[in-house]
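Novice: Here is a sequence with its predicted model. Questions after.
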Amino acid sequence: MGKTMSVATHPIHLTGGDVKFYGENGYFIYKHALLPRERFDALKAYFEEIVADLPSHARPEGMDTPHFAFPRLFEWLLADEVLDFVERFIGPDIVFWSSHFLCKPPGKGLAVPWHEDSSYWKGSLSEPKVITVWLAIDDSTVENGCMRVIPGTHHGGFSDYEEVDKEKNVFGTQIKSDQFDEGLAVDLQLRQGECHLHHGRAIHGSNANTSVKRRCGYTMRYMTADVKFTSNENFSHAIYLARGQDRAGNTYTEPGTVYEPGKDRWHGGALSK
């Protein structure tokens, strides 16, 4: 049985049409506060502690899987306000898959090249049925490099990639330009505390932040519990049964513990605390 970390009293402003829109387009913009103000403010304050402790050589865009090193993040990742919201889109049996703070500093924030999240999971999932909740820690605008998505691309297969300049981009590869029509891109602008969703196979990216304002989002990723996860030589991970029942025979890690690969250091370089 999945863990419950809070009792939700926060309203959810969704319709059946919103859920249908996500299914058809692979994304959805939620123009309401995902969390109660006090809970959101606590997450933002904790994020500010984490980013302030980054070593000087570490890029703030690279804070991948911070929950491995900072288990307190499960307070928000498994909050009923979040899981109730996610359940509307993927059903009651929910696995927490991963998270990532992607913080673009003002004036020098790296671009995120066009990609599909599923391409980085190295075939470890039986199906790419992962939904990402992108929670705006700061306002996210065209000027400071908000996320952009190509609608409907989650219905396709895997794309072909090419190398890009790693000094200017968060990742070292991007989807080749002949694989999609960038003219169809939608800017996913948010106010602080709002969120948008995208499917694990939706093509998305974002421009560099050349503005005077920071842009940070917290990506919280969930999948249906009928997806089978298998570690392989290219991809080792930990998953957590967040709510409901396992449907795929997966092995789950206990929430709130430090995952071994992040015990002494994590992708961003910060020590556990």
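Specialist: Received it, and whenever you're ready, just let me know what you need. Residues are numbered from 1 along each chain as shown.

Novice: how about the helices in the stretch 151-273 of the chain?
Specialist: Per DSSP state H, counting those that start in this stretch, the stretch 151-273 of the chain carries no helices over any range.

Novice: So what's the residue count around the residue nearest to Pro71 when sequence neighbours are not counted?
Specialist: Excluding the flanking residues, the one nearest Pro71 by C-beta to C-beta, 6 or more residues apart in numbering is Gly256, at 4.9 Å. To be clear about C-beta, it is placed using only N, CA and C from the backbone, and glycine gets the same treatment. The number of residues packed around Gly256, counting by other C-beta atoms under 10 Å, is 15.

Novice: so Gly256 sits right up against Leu73, yeah?
Specialist: No. With contact defined as C-beta atoms under 8 Å, Gly256 does not count as touching Leu73 (9.6 Å).

Novice: Any stretches of the stretch 1-150 of the chain with poor pLDDT?
Specialist: 1-8 (pLDDT under 70).

Novice: Confirm Ile131 sits in a helix?
Specialist: No. Following the definition DSSP: H, G, I helix; E, B strand; the rest coil, Ile131 is strand and is not counted among the residues of a helix.

Novice: got a list of what it touches?
Specialist: With contacts taken as C-beta atoms under 8 Å, 6 or more residues apart in numbering, Ile131 has the following neighbours: Val86, Phe89, Ile90, Leu197, His198, His199, Gly200, Arg221, Tyr222, Met223.

Novice: I'd guess the first one is in a helix, am I close?
Specialist: Yes. The assignment for Val86, made by three-state DSSP, places it in a helix.

Novice: What segments of the stretch 1-150 of the chain are helices?
Specialist: Using DSSP H, counting those that start in this stretch, the helices of the stretch 1-150 of the chain run over residues 16-25, 37-52, 66-69, 74-77, 80-90.

Novice: Next, report how far the fourth one is displaced from the centre of its chain.
Specialist: A distance of 13 Å separates the C-alpha centroid of helix 74-77 from that of its chain, computed with C-alpha atoms, centre = their mean, to the nearest Å.

Novice: Show me what that helix is packed up against.
Specialist: In this structure, helix 74-77 makes packing contacts with helix 37-52, strand 215-224, judged by 3 or more C-beta pairs under 8 Å, 6 or more residues apart in numbering; DSSP states H and E.

Novice: and those, which is most packed in?
Specialist: Neighbour counts averaged per stretch over the helices and strands packed on helix 74-77 are highest for strand 215-224, at a mean of 24; criterion: mean count of other C-beta atoms under 10 Å.

Novice: Point out the other helices and strands that it packs with.
Specialist: The criterion is 3+ C-beta pairs under 8 Å, 6+ apart, and the helices and strands that strand 215-224 contacts are helix 37-52, helix 74-77, helix 80-90, strand 94-104, strand 130-136.

Novice: To Ser211, which of these lies closest?
Specialist: Between Ser211 and these, the tightest spacing by C-beta to C-beta is seen for strand 94-104, at 9.2 Å.

Novice: related to what we said a few turns ago, just send the helices and strands packed on strand 215-224 back as JSON lines, with distance to Leu190 too.
Specialist: Rendered in JSON lines, the data for the helices and strands packed on strand 215-224 read as follows (distance: least, C-beta to C-beta, whole Å):
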{"stretch": "helix 37-52", "distance to Leu190": "13"}
{"stretch": "helix 74-77", "distance to Leu190": "17"}
{"stretch": "helix 80-90", "distance to Leu190": "15"}
{"stretch": "strand 94-104", "distance to Leu190": "13"}
{"stretch": "strand 130-136", "distance to Leu190": "4"}
